[in-house]
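need the 3D shape of this:
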Amino acid sequence: MNASSIVTLLPSLYFIKTRLRKVHEIVFHFYYEFLSSFLLLYFFNSFDLILTLKQCFTGYLMFISLYEFGYLFNDVYSIKYEDKPNKRLGDNQLNPIFILLFVLIRLVVFFFLLFYCSLNNLSVLVFFVCMSISFLLHNVIQDIELKYMTFISLAFFRALAIVFPFLTKDYIMALLPAIILHYVVYRGLNYLDSKSILSMKSKKELPFKIYYYLLLLPISIVVWALTDHVFLMISNAYFLLFWCIMAVAGVLLKRIRPGIDIKKGS
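Predicted coordinates:
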């Protein structure tokens with residue numbers, strides 16, 4: 001094992017090395033998953049910064065420790081059956097010792113946090129077992145159209161994984177419409193387009209992303225009016241703001257460096 005491989009034995013670093021290779025990928029995942037989770041917990045914890053940071057750290061490590069099994073399985077096994085495989089490991093063959101340590105370290109981290117933070121309840125276990133099963137199915141199913149279903153399942157798990165162990169059931173129920181409309185459906189469209197199942201020529205353009213969230217505003221307003229839950233409106237504005245910022249940044253960067261084009265991204 002070389003130094004680079006040894007580093008990726010630590011939870012989250014394999015994901016960072018193999019999936020976050022471009023600036024727009026880092027920015028997208030930070031805003032869509034990490035920052036959104038932090039803000040949710042920060043509000044739920046009555047703006048207790050230290051508690052929120054502890055919970056984010058715990059929730060993310062538990063999630064990524066198991067989720068990276070799916071990434072490794074995909075990079076070693078599933079790509080053999082893909083028409084256009086993305087060889088994130090190149091032509092390198094992973095050492096069996098590396099794989100063993102990779103698995104053991106993540107299991108130790110997950111179960112340590114599970115028991116140390118007193119999160120070993122049925123709902124947490126059911127969530128992570130179902131998430132793991134979904135990723136396994138996603139990796140072994142070869143029908144690209146069926147894989148769409150496992151992909152949106154994984155998107156759902158990703159959206160909730162960091163925060164759900166620390167939220168009440170009522171709070172989680174209030175989050176579900178936003179998670180499904182603003183994250184799961186959006187990521188599902190990304191998948192369909194990337195696999196050429198659904199041809200969406202404008203999908204990668206910034207105007208599409210802005211209009212996507214703008215055109216969902218009527219639903220958010222109606223849900224607010226019918227239920228008095230304002231979270232769907234806040235979520236809609238949060239993600240709309242991101243793509244508006246990207247559009248403004250793109251204009252400014254073009255003026256500073258005319259060759260730059262950031263209109264395309266996740």
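
which residues are contacting stretch 219-226?
With contact meaning CB atoms under 8 Å, 6 or more residues apart in numbering, stretch 219-226 is reached by Pro177, Leu181, His229, Val230, Leu232, Met233, Ser235, Asn236. Quick note: C-beta positions are derived from backbone N, CA and C, even for glycine.

among those, name the ones in helices.
Of the positions in those, Pro177, Leu232, Met233, Ser235, Asn236 sit in helices, assigned by DSSP state H.

roughly how far does Arg158 sit from Val7?
23 Å (CB to CB, to the nearest Å).

isn't Leu40 up against Leu175?
Yes - applying CB atoms under 8 Å as the test, Leu40 and Leu175 come out as touching, 7.4 Å apart.

got JSON lines for the ones in helices among the contacts of stretch 219-226, with neighbour count and pLDDT too?
Compiled in JSON lines, the ones in helices among the contacts of stretch 219-226 are given as follows (neighbours: other CB atoms under 10 Å; pLDDT from 0 to 100):
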{"residue": "Pro177", "neighbour count": "17", "pLDDT": "94"}
{"residue": "Leu232", "neighbour count": "25", "pLDDT": "94"}
{"residue": "Met233", "neighbour count": "17", "pLDDT": "95"}
{"residue": "Ser235", "neighbour count": "22", "pLDDT": "96"}
{"residue": "Asn236", "neighbour count": "22", "pLDDT": "97"}
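
wait, which of these is closest to Ser199?
Lowest distance from Ser199 to the ones in helices among the contacts of stretch 219-226 (CB to CB) belongs to Asn236, with 26.5 Å.

can you list residues touching both of Leu40 and Leu175?
Shared contacts of Leu40 and Leu175, counting by CB under 8 Å, 6+ apart, come down to Leu167.

compare neighbour counts for the two and give me the winner.
Taking other CB atoms under 10 Å, Leu40 and Leu175 do not tie; Leu40 has more neighbours (23 against 20).

state the pLDDT value of Met149.
Looking at Met149, its pLDDT reads 96.

can you name the residues in contact with the helix or strand hosting it?
Assigning secondary structure by DSSP states H and E places Met149 in helix 144-161. Residues outside helix 144-161 that contact it (CB under 8 Å, 6+ apart) are 33, 59-60, 62-63, 67, 70, 127, 130-131, 134-135, 137-138, 141, 172, 175, 179-180, 183-185, 187-188, 191-192, 195, 197.

can you find the helix or strand of the protein with the lowest average pLDDT?
Across the helices and strands of the chain, mean confidence by mean pLDDT, DSSP states H and E is lowest for helix 3-7: a mean of 70.

no further queries at this time; thank you.
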